[in-house]
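Chemist: could you look at this predicted model? Sequence included:
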Amino acid sequence: MLESGCKAVKEGVLEKRSDGLLQLWKKKRCILTEEGLLLIPPKQPPPPQQPSPPPLPAEPAAKIKELHFSNMKTVDCVERKGKYVYFTVVMAEGKEIDFRCAQEQGWNAAITLQMVQYKNRQAILAVRSTRQKQQHLAQP
């Protein structure tokens, strides 16, 4: 379970294209949940073992980026090239975030499936809420 209470559906490494001039591919540890995709900078290599290592501090929340499904519009599969599949996550405000992963990892399909399930849950909740309001108004 994560801090937000969401269950991790898939975990692994994705490569994200940076926004800079060179647009380099950077590895990100990713956790796919029922609510969105968490992007975490990869952990630094562990220090050499000591008799009793101090507990590691939690990663600062500022470094963890969450792409919440409520802000996501689509996941576009751009192309399969060599060993990679390249895909773009399009956010509601129009921002596009490019990713790539090994074809067999299936990140684009997993993200798309979770996003569709999230949007379906939201639609069901909206319909239930509307029906409850109508029933409440219809009562004398």
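Modeler: All right, it came through fine. Numbering: from 1, shown residues only.

Chemist: give me the pLDDT value at residue 62.
Modeler: Per-residue confidence for residue 62 comes out at a pLDDT of 52.

Chemist: could you do residue 77 as well?
Modeler: Turning to residue 77, the model gives it a pLDDT of 81.

Chemist: and it, what is it in contact with?
Modeler: Residues in contact with residue 77, defined by C-beta atoms under 8 Å, 6 or more residues apart in numbering, are 85-87, 108. Bear in mind the C-beta positions are built from the backbone N, C-alpha and C, glycine included.

Chemist: make it 6 Å
Modeler: Applying C-beta atoms under 6 Å, 6 or more residues apart in numbering, we find residue 77 in contact with 87, 108.

Chemist: same question for the one 4 residues further on.
Modeler: Not one residue lies near residue 81 by C-beta under 6 Å, 6+ apart.
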